[in-house]
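*Asks:* Provide a 3D model corresponding to the input given below.
(chains A and B)
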2 protein chains.
Amino acid sequence: MPDGSRRTPERVASTRLDSYVDRYAARTKGMTASEIRALFAVASRPEVVSLAGGMPNISGLPLDVVGGAISDLVATNGPVAMQYGSGQGDPVLREQICEVMRLEGIEAHPDDVVVTVGSQQAVDLVTRVFCDPGDVVLCEAPSYVGALGVFRAYECDVVHVEMDADGLVPDALRQAIQTVRASGRTIKFLYTIPNFHNPAGVTLSAERRAEVLEICREADVLVLEDNPYGLLGFSGEPMRAMRADEPDGVIYLGSFSKTFAPGFRVGWALAPHAVREKLVLAQESATLCPPAFSQMAISAYLRAHDWQGQIKQFREMYRERRDAMIEALDDMMPAAARWNVPQGGFYVWVTLPPGLDAKAMLPRAVTARVAYVPGTAFFSDGFGSQSMRLSFCYPTPGRIREGVRRLVGVIEEELELRQTFGAGGLPGSTALARGYEGPHTDLS
Amino acid sequence: MPDGSRRTPERVASTRLDSYVDRYAARTKGMTASEIRALFAVASRPEVVSLAGGMPNISGLPLDVVGGAISDLVATNGPVAMQYGSGQGDPVLREQICEVMRLEGIEAHPDDVVVTVGSQQAVDLVTRVFCDPGDVVLCEAPSYVGALGVFRAYECDVVHVEMDADGLVPDALRQAIQTVRASGRTIKFLYTIPNFHNPAGVTLSAERRAEVLEICREADVLVLEDNPYGLLGFSGEPMRAMRADEPDGVIYLGSFSKTFAPGFRVGWALAPHAVREKLVLAQESATLCPPAFSQMAISAYLRAHDWQGQIKQFREMYRERRDAMIEALDDMMPAAARWNVPQGGFYVWVTLPPGLDAKAMLPRAVTARVAYVPGTAFFSDGFGSQSMRLSFCYPTPGRIREGVRRLVGVIEEELELRQTFGAGGLPGSTALARGYEGPHTDLS
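*Replies:* Numbering: from 1, shown residues only, chains lettered A, B, ... in the order given. Below is the predicted model:
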């Protein structure tokens, strides 16, 4: 509305819910509170088994080592750690980040790394640098809810691309690029999580990596490779990063949140040089600089501890939890449900028997003291209602089994109700008419 | 450019400086590296006296207390401090923030506080929530360079409003609101730094605060009160915050960067409830959550230490440095230069003798081993060329005096050259034809 209409306003703060409602930026329309947020407040009660969250289990971290490293940091270098730092991030940490990335075949220079406030901020800054309202971002179907939130906040159009058990489907990618461009819209990048996908749990195969890179090279589409879980595979060596084979066409995002701890909020972007310069300017505008203390604390931890051995321990612990979840699903889930067996990371993607709606079922699940994230959260377009994300990262194996038991109880009740009252009679459920529901493997 | 034109591109990365140049978002046009950035790399050498930076001098902090508090935190509460936290910020710290704000007369509820990654991020999030491209933000003339950078990055139009020795001039504010609205543009807020202004050094008088609030209330203009220096006054009690008298119409920004340490990057916004909700959503999109470790470290410091006594020590230390700078200016500066005597904070705003150009002079000053920030950095419109910001926060009194001595040497050389060659003959200088150059007091 034109500003002139407010020239002689009355103060209405006391009579309206939000007196600012007509002044917010257009982008705030995309910034809405999740409808399931209220439920999760309930779900955080101790009696509820939460298979919803993505919190890493950091109880295995050696607090004495961490505490010692940080004490030393304050004593020997406190005035630097507590001062403003570089907008690009601590140079020593950026060297260490290059060592971490070398485990995935990446040869990078510290000068091309920008430290961010978690890799979430890296998604934000990349989008800030590239995307005008209406620009298209290609994302897997489903995709990470936090990235979708960023794309919405920058008023991007998300176009989902199909996945299967080997990750993003190359033909679907080709088709999506063609369709979007035929409609006259501009693709700014492909956002992809190649390893142990959140929420789908699948991993992009080596062959597919080459093919996806080739498609994007030919179509001149930038790739945003988001890789928080790459070092958390349950067997063998880490997969080679896409960035390792395509330094000019890939922006790579990494994080210490899952391999060390999220509370320091340290992630990074590795970007082609010109883009890196823009990201530093964006970072300076957003925060002046990422926290020096956090960065130097992580740097000290990496020096003081066998961090690779620690990651091995994390992998063992998560593998055990993955096994507990898959075993429980195998034992208890009704035959018509399907899920995949992730080879790393935190998540299993479950598709319910036909006719069930994971979002509609959530209140009943929470009442039965188990929580999950409905699949619709991971789509920008309402798809995913038949699916849910189950995370095995945080609860113990025993709690996971108990959580699945409760969940199966709710599902079976829903199926009984459905049998009794028919497809139309189940309160809150919607008939499944959406087609594609995300990736599956038949290993279950 | 339309995306279609890139359907069969050749890879040009190797032949062009930035192969992404035609893909960036429109907002990146406002995100440019400062032309004086390269000079500041030189200015950071130890032989240069930098009167340019805004780094607080935190050498007085008790490292043993800080180190002890953080060690205890890791030992007793490490798994929480290193975990993801709330997007709004740690509830205990938000209570302590309310105690801090009470020193300036603010009665606030912790639920209306959002913790941010430094108050820089608070400026970013507020702008994100309110400003569409082309919206007007009213700012003092001059204003904080970091805020101007944010407003540019969100493609806002900055309209500067005159200040004098008592801060923002109410009549000028009235006039600016009228002029902007008459031109059909929308004002989103007034951005103001009422205490010990950066860069101007002046403080908005109590009478003016009431008047500015009254003007904004009548015109329905939101006030963004940025207050990093409010507790760093050199005498008497802290001034009453504008927010204390206008809870509904003011968003207040605070920071621990100057009263404790900037390396943790912890600031905050106190906002009307509906706005606060939007800010939390924006924070979650930007970073998921601010660093839990930083917040709990500050919270532990506030509990473990006489933080108000520490601030008193900081005030004494900065007052001594202010005195050293003012004394040096009084002793050495040519008669035609003018400056104000700040009653707190970090900065003195100096206006050079007529005909001198602070930006053009900067390379010569750096050669003479002294650095400052040219006044143009603090205007969005090219004004300020005759002025400079001198900061007294970081160098010792002896170094401040030496810095001013070097600066005066450069100024006198410029004046001699000008006398010898005339106004047109000084290399790099421009004739002063810009009118208003910022606030002055005649106390010098």
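
*Asks:* Quick one: residues contacting the residue most central in space within chain A.
*Replies:* What sits nearest the mean C-alpha location of chain A, by C-alpha atoms, centre = their mean, is A:Y144, with 3.8 Å. By C-beta atoms under 8 Å, 6 or more residues apart in numbering or on different chains, the contact set of A:Y144 is A:193, A:198-199, A:226, A:378. In short, each C-beta sits where N, CA and C put it, glycine included.

*Asks:* any idea how far it lies from chain B?
*Replies:* 11 Å (C-beta to the nearest C-beta, to the nearest Å).

*Asks:* again with A:L73
*Replies:* The value you get for A:L73 to chain B, if C-beta to the nearest C-beta is used, is 8 Å.

*Asks:* And the average pLDDT for the helix or strand harbouring that residue is what?
*Replies:* Assessed by DSSP states H and E, A:L73 sits inside helix A:63-81. The pLDDT scores in helix A:63-81 average 96.

*Asks:* Check chain A for its longest strand and report it.
*Replies:* With secondary structure taken from DSSP state E, chain A has its longest strand at strand A:157-164.

*Asks:* Pairing partners for it, with directions?
*Replies:* strand A:136-141 (parallel), strand A:167-168 (antiparallel) (DSSP bridges).

*Asks:* Export whatever helix or strand comes next after the first one to CSV, keeping only CA atoms.
*Replies:* Put plainly, it is strand A:136-141. Downstream of strand A:136-141, the next assigned helix or strand under DSSP H and E is helix A:145-153. What follows is helix A:145-153, C-alpha atoms only, in CSV (Å, rounded to 0.1, in the frame of the first residue of the first chain):
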residue,chain,number,x,y,z
VAL,A,145,13.6,-28.2,5.1
GLY,A,146,16.0,-25.5,6.2
ALA,A,147,17.2,-24.9,2.7
LEU,A,148,13.7,-24.7,1.4
GLY,A,149,13.0,-22.1,4.1
VAL,A,150,15.9,-20.0,2.8
PHE,A,151,14.8,-20.3,-0.8
ARG,A,152,11.3,-19.2,0.2
ALA,A,153,12.7,-16.3,2.2
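
*Asks:* What angle do strand A:157-164 and helix A:145-153 make with each other?
*Replies:* 150 degrees (axes from the mean of the first three to the mean of the last three C-alpha atoms, to 10 degrees).

*Asks:* Residues in contact with helix A:145-153: which ones?
*Replies:* A:27, A:30-31, A:120, A:123-124, A:127, A:131, A:137, A:139, A:158, A:191, A:199, A:226, A:373, A:377-380, B:128, B:282, B:284-285, B:288.

*Asks:* Could you tell me which of these belong to helices?
*Replies:* Among these, DSSP state H puts A:120, A:123-124, A:127, B:128, B:282, B:284-285 in helices.

*Asks:* ok, those residues vs A:R45, which is closest?
*Replies:* B:E284 (21.4 Å; C-beta to C-beta).

*Asks:* Not counting its neighbours along the chain, what's nearest that closest one?
*Replies:* Distances taken as C-beta to C-beta, 6 or more residues apart in numbering or on different chains place B:G87 nearest to B:E284, at 4.0 Å, with adjacent residues excluded.

*Asks:* OK, contacts around that neighbour?
*Replies:* B:G87 touches B:280-281, B:283-284, B:288-289, counting by C-beta under 8 Å, 6+ apart.

*Asks:* Correct me if wrong: A:G118 contacts A:A269.
*Replies:* No: contact between A:G118 and A:A269 fails when scored by C-beta atoms under 8 Å: they sit 11.3 Å apart.

*Asks:* Can you check the pLDDT for A:G53?
*Replies:* A:G53 is given a pLDDT of 88.

*Asks:* nope, A:S59 is what I meant
*Replies:* 95.

*Asks:* A:Y372: what's it in contact with?
*Replies:* A:51-52, A:350, A:358, A:362, A:365, A:388-390, A:407.

*Asks:* try 7 Å
*Replies:* A:51-52, A:365, A:388-390, A:407 (C-beta atoms under 7 Å, 6 or more residues apart in numbering or on different chains).

*Asks:* And the residue lying closest to A:A153 once chain neighbours are set aside, how close does it get to A:L224?
*Replies:* In this structure, A:A153 finds its nearest non-sequential neighbour in B:S285, 4.6 Å apart by C-beta to C-beta, 6+ apart. In this view, B:S285 and A:L224 are 16 Å apart by C-beta to C-beta, to the nearest Å.

*Asks:* So between the two, which is more surrounded?
*Replies:* Shown here are B:S285 and A:L224; by other C-beta atoms under 10 Å in any protein chain shown, B:S285 has more neighbours (28 against 25).

*Asks:* show me what contacts that one?
*Replies:* Contacts of B:S285 by C-beta under 7 Å, 6+ apart are A:31, A:124, A:149-150, A:153.
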